[in-house]
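> build the 3D model from these lines:
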Amino acid sequence: MALAITQSAWSQSDPMFTQYMFNELYINPAYAGSREYLSATALVRQQWVGIDGAPSTQTLSAHKPILNNKIGAGLTFLNESIGVSKRTQLNANAAYRLPMGRNHLSFGLQLGMASISENLSSLGLVNDNQFATNTGRKLAPNVGFGTYYLTPKWYAGFSIPRMLQNRLDGTAGELDNRFNLSAWHYFMTAGSIHSINAEIKIKPSIMLKAVQGSPMELDLNALGIFRDRLWAGLGYRTGDAVNLLVGAQINQQLRAGYSYDYTTSDLGNFNSGSHELMIGYDFNYEKDKVVSPRYF
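The predicted structure is shown next:
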């Protein structure tokens, strides 16, 4: 089975991540600076293995607090291909952080630029002028907004990470950028940490995604954490998949995780699932300082 384009257009889209709880900056610019030091995360996702042209996504994010922890600054990079469509995107993120005792309330802004293209000639539809030529690379701007509230035990966030709709007309080879409220994707996330005993903790998390004209998408996950070193858990994405997540905090700075999605929709008849690899590193240079585990 191959993914085919029914119309020559690149519209606003948002990649899905099963390990979204480790990739919050891509979802919400207000997350920038929340880990107290320079933190970087790389994530690679291969979706719907076995389907030609299925989404393949790679992301890299880095952020840190600056100006006495009052401002968070970060960058996110994304490279994605879906069928004949390709997108490379770089976002700059800034967050203003309001301390509230041990808690923080942040307001974030994202500014970005994407390079998008469609290799329509690879479809081999030479008799259809709409698909006969490639679009070439076009630059598409973006702006996003978010809020994030963080405590030692729980967090909650709300964001609209892409407020500009970028629509590529393959026939004319032109890009249309516009504010289209009906195309905005709204993200709501929350998570918490609960101690069962001295060695085991439970970390539930939730992400709700809503866009006009489509059913709401809900991600539910729960991780069991052993000795703040190993984790394993299960998740469910409505109408799409059940997920298995495993990972390890290798040392104070390095962590790695893997997730597998078993497709529950009709697409499950044509693919063997989705795979996702996450690697994170915290550049904490105070080697002699005892660092408390970070769960968010």
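> below-threshold pLDDT in the stretch 151-296 of the chain: ranges please.
168-173, 285-291 (pLDDT under 70).
> now with 50, please.
Judged by pLDDT under 50, the stretch 151-296 of the chain has no weakly predicted residues.
> ok, which stretches of it are strands?
Assigned by DSSP state E, counting those that start in this stretch, the strands in the stretch 151-296 of the chain fall at 154-160, 164-169, 174-179, 185-192, 194-195, 200-211, 217-226, 230-237, 241-249, 254-263, 274-283.
> tell me what residue 191 is bridged to.
residue 155, residue 205 (DSSP bridges).
> so it sits against residue 22, correct?
No - assessed by Cβ atoms under 8 Å, residue 191 is found out of contact with residue 22, at 10.9 Å. In this view, the C-beta of every residue, glycine as well, is placed from N, C-alpha and C.
> of the strands of the stretch 151-296 of the chain, which is nearest residue 84?
Among the strands of the stretch 151-296 of the chain, the nearest to residue 84 by Cβ to Cβ is strand 164-169 (11.2 Å).
> may I have the helix or strand harbouring residue 39 as PDB, with CA atoms only?
Per DSSP states H and E, residue 39 falls inside strand 38-46. The C-alpha trace of strand 38-46 is given here as PDB (Å, rounded to 0.1, in the frame of the first residue of the first chain):
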ATOM      1  CA  LEU A  38      20.900  23.500  28.900                       C
ATOM      2  CA  SER A  39      18.900  20.400  27.800                       C
ATOM      3  CA  ALA A  40      18.800  18.700  24.400                       C
ATOM      4  CA  THR A  41      16.500  16.000  23.000                       C
ATOM      5  CA  ALA A  42      16.700  14.100  19.700                       C
ATOM      6  CA  LEU A  43      13.700  12.000  18.500                       C
ATOM      7  CA  VAL A  44      13.400   9.800  15.400                       C
ATOM      8  CA  ARG A  45      10.000   8.300  14.400                       C
ATOM      9  CA  GLN A  46       9.200   5.900  11.700                       C
END
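> buried residues in it?
38, 39, 40, 41, 42, 43, 45 (16 or more other Cβ atoms under 10 Å).
> the last one and residue 69, how far apart?
I take that to be residue 45. Distance of residue 45 to residue 69, given as Cβ to Cβ, to the nearest Å: 32 Å.
> what of the second one?
The gap separating residue 39 from residue 69 is 14 Å, by Cβ to Cβ.
> same deal with the fourth one?
Distance from residue 41 to residue 69, counting by Cβ to Cβ: 20 Å.
> perfect, I'm done here.
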